[in-house]
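**Student:** compute the structure for the input listed below.
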Amino acid sequence: MSVDKSINRMQSAAYSSPTPWKLPPLILHPFADASGPAKLVDSSRASLMLQGLLPPDAFSREDLNRTLLDGRFCEIRMLYYVGKDLVRWAEQCLEVVQREDSLREAGVEVYSFVALLIEDAPPSVQEKLVRWGVSDYKAIFSRAVGLNMVFAEAPEKDNLAEDFIRHYYRYADQMFECGRSMRSFALIRSSNFEFELFASGEYSRMLEREWQEN
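**Tutor:** Numbering: from 1, shown residues only. From the prediction side, this is the model:
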């Protein structure tokens, strides 16, 4: 019990600074193959048919179940690769912390940056995600990180139980919460830590323009 209380105190202690720290940009790479979007749409329709919310047409229950699982597995793979980008960014941010005594002594760790991104991302980052059509980014990012806590490599379908694939989002939520509760870290806020969000192609084009100007 004493350990849990210590962790909760550490997580609730927010770090503040008179001047904002500039963090590395968060760069998200493409993570879907050409068939990914179609599989997700088909999976959503299959789910509605299995629930009786849409007519099943000529599909058997077995067909619908297979389509549903194919789409859910596609989601797992996509989220896994998103999580790799997020974890890589948080580790890059930690390298900044390790060079500053005040940040290191305050207990700022990798999970401080994960929590910053999910719970208090800068307004410009939130607005960009909305423009990209990612309205529920908190759930997407937390599940992506949760999957990366368990899988060292992108999982193969044959290695996952059907129940896990079907309800992966519930498992991923619990993986994330479990990982966070096991770590001691200081909370940080966007008012003290600034960063930008880019798609990988967008970031490459920006660098090319800067090189040309210089």
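**Student:** tell me the spacing between M182 and V87.
**Tutor:** 16 Å (CB to CB, to the nearest Å). Every residue, glycine included, has its C-beta placed from N, CA and C.
**Student:** can you pull out the strands in this protein?
**Tutor:** 14-15, 21-22, 26-28, 187-188, 193-194, 197-199 (DSSP state E).
**Student:** before we move on, back to that, tell me which of M182 and V87 has more neighbours.
**Tutor:** V87 (17 against 12; other CB atoms under 10 Å).
**Student:** which ones are touching the more buried one?
**Tutor:** Residues near V87 by CB atoms under 8 Å, 6 or more residues apart in numbering: 110, 114, 145, 148.
**Student:** residues in contact with the first one?
**Tutor:** Shown here is V110, whose contacts under the criterion CB under 8 Å, 6+ apart are 87, 90-91, 93-94, 185.
**Student:** tell me the one of those nearest R72?
**Tutor:** V87 (22.1 Å; CB to CB).
**Student:** distance check, that closest one against F141.
**Tutor:** 11 Å.
**Student:** go on, F195?
**Tutor:** Distance from F195 to F141, by CB to CB: 14 Å.
**Student:** and the closest residue to P155 other than its chain neighbours, how many neighbours?
**Tutor:** Nearest in space to P155, with sequence neighbours left out and distances taken as CB to CB, 6 or more residues apart in numbering, is I76 at 6.7 Å. Applying other CB under 10 Å, we find 22 residues neighbouring I76.
**Student:** kindly report the same for I188.
**Tutor:** Neighbour tally, I188, other CB under 10 Å: 27.
**Student:** how about E153?
**Tutor:** Around E153 sit 7 other residues, with neighbours defined as other CB under 10 Å.
**Student:** F113 and I188 touch, don't they?
**Tutor:** Yes: using CB atoms under 8 Å, F113 makes contact with I188 at a distance of 7.3 Å.
**Student:** now the helices for the protein?
**Tutor:** 2-12, 36-50, 61-98, 101-105, 110-119, 123-131, 137-150, 162-166, 168-181, 200-213 (DSSP state H).
**Student:** now the third one: mean pLDDT?
**Tutor:** In this model, helix 61-98 carries a mean pLDDT of 90.
**Student:** quick one: that helix to chain centroid distance?
**Tutor:** Centroid separation between helix 61-98 and its chain, computed with CA atoms, centre = their mean, to the nearest Å, is 7 Å.
**Student:** change the start of the numbering to 574 and stick with it
**Tutor:** New numbering, starting at 574: the last item is helix 634-671.
**Student:** and the gap between K595 and A679?
**Tutor:** Distance from K595 to A679, by CB to CB: 17 Å.
**Student:** more neighbours, these two?
**Tutor:** Neighbours per residue (other CB under 10 Å) separate K595 from A679, with A679 holding more: 19 against 11.
**Student:** the more buried one and Y710, how far apart?
**Tutor:** Taking CB to CB, one finds A679 at 26 Å from Y710.
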